[in-house]
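Q: Could you work out the structure for the sequence below:
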Amino acid sequence: MVEGCMCDSLTIDGVEEINLTDEQRQKYIEEICEGLKKVITPRDLNYLLQHITYNYGKSERLYDKPCSCCGDYVYSYKLKL
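A: Okay, here's the model as predicted:
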């Protein structure tokens with residue numbers, strides 16, 4: 001991955017991700033998941049859960065009004081695997 005200015009690029013084995021077929025993407029997803037099993041540690045569970053739940057889960061706003069102190073809304077995220 002390269003980022004900055006006009007140089008953004010995301011490649012796998014020298015091929016831009018945008019140019020991969022869905023079949024190639026699926027193959028790489030499987031390889032990445034297998035590879036993560038080798039490098040991820042128990043300490044990484046919290047970060048991993050937050051990332052996948054936020055990005056792939058369903059969100060629901062729990063209250064119609066924002067917090068009167070800070071203005072934030074409260075959301076719940078759920079992901080069924």
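Q: A strand includes Asn55, no?
A: No. Read with DSSP: H, G, I helix; E, B strand; the rest coil, Asn55 is helix and lies in no strand.
Q: Mind pulling up the pLDDT for it?
A: On the pLDDT scale, Asn55 is placed at 95.
Q: How many residues are close by it?
A: Using other CB atoms under 10 Å, Asn55 is surrounded by 9 other residues. No exception for glycine: its C-beta is placed from N, CA and C like everyone else's.
Q: how close does it get to Leu48?
A: 11 Å (CB to CB, to the nearest Å).
Q: wait, doesn't Gly57 sit right on Tyr75?
A: No. Taking contacts as CB atoms under 8 Å, Gly57 lies outside contact range of Tyr75: 10.2 Å.
Q: Compare neighbour counts for those two and give me the winner.
A: Comparing Gly57 with Tyr75 by other CB under 10 Å, the one with more neighbours is Gly57, at 15 against 11.
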